[in-house]
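Asker: Pasting a predicted model and its sequence here:
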Amino acid sequence: MELIEDVVRSALRLPVKDKFEVLTYAEAMVEYGTDKPNVGGFCWVIDFPLFTKNEETGEYEAAHHPFTMPNRLQDIYDEPQNVINTIVILN
């Protein structure tokens, strides 16, 4: 994340200051109601759910793109409803 922050600062000629804000997906949803919060600057949103439950079918579906990896691989088998992945989005 530090590398990307440096690249963004350099490309946009932003002053070097504190690190970008970091919110978990859960925090962003509670505080802003979206996973792309407008925080008046740049922020990282981390710990997205890997799966969500389809309310119509009751089955689990991928919540985001499949090219991410869960923080704990065993959770896919043990508790799929609680799996979070390591994808981050820079807003």
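Answerer: Sure thing, it's come through. Numbering: from 1, shown residues only.

Asker: quick one: the helices in the protein?
Answerer: 2-12, 25-32, 75-78 (DSSP state H).

Asker: Tell me which of these lies nearest to residue 19.
Answerer: helix 2-12 (6.6 Å; Cβ to Cβ). C-betas here are computed from N, CA, C, even on glycine.

Asker: now the closest one: mean pLDDT?
Answerer: Taken as a whole, helix 2-12 carries a mean pLDDT of 88.

Asker: go on, stretch 33-40?
Answerer: 88.

Asker: low pLDDT regions in this protein?
Answerer: 64-73, 75-76, 80-91 (pLDDT under 70).

Asker: Could you point out which of the helices of the chain sits nearest residue 49?
Answerer: helix 25-32 (6.6 Å).

Asker: Pull out the buried positions in that closest one.
Answerer: Buried residues in helix 25-32, counted by 16 or more other Cβ atoms under 10 Å: 25, 28.
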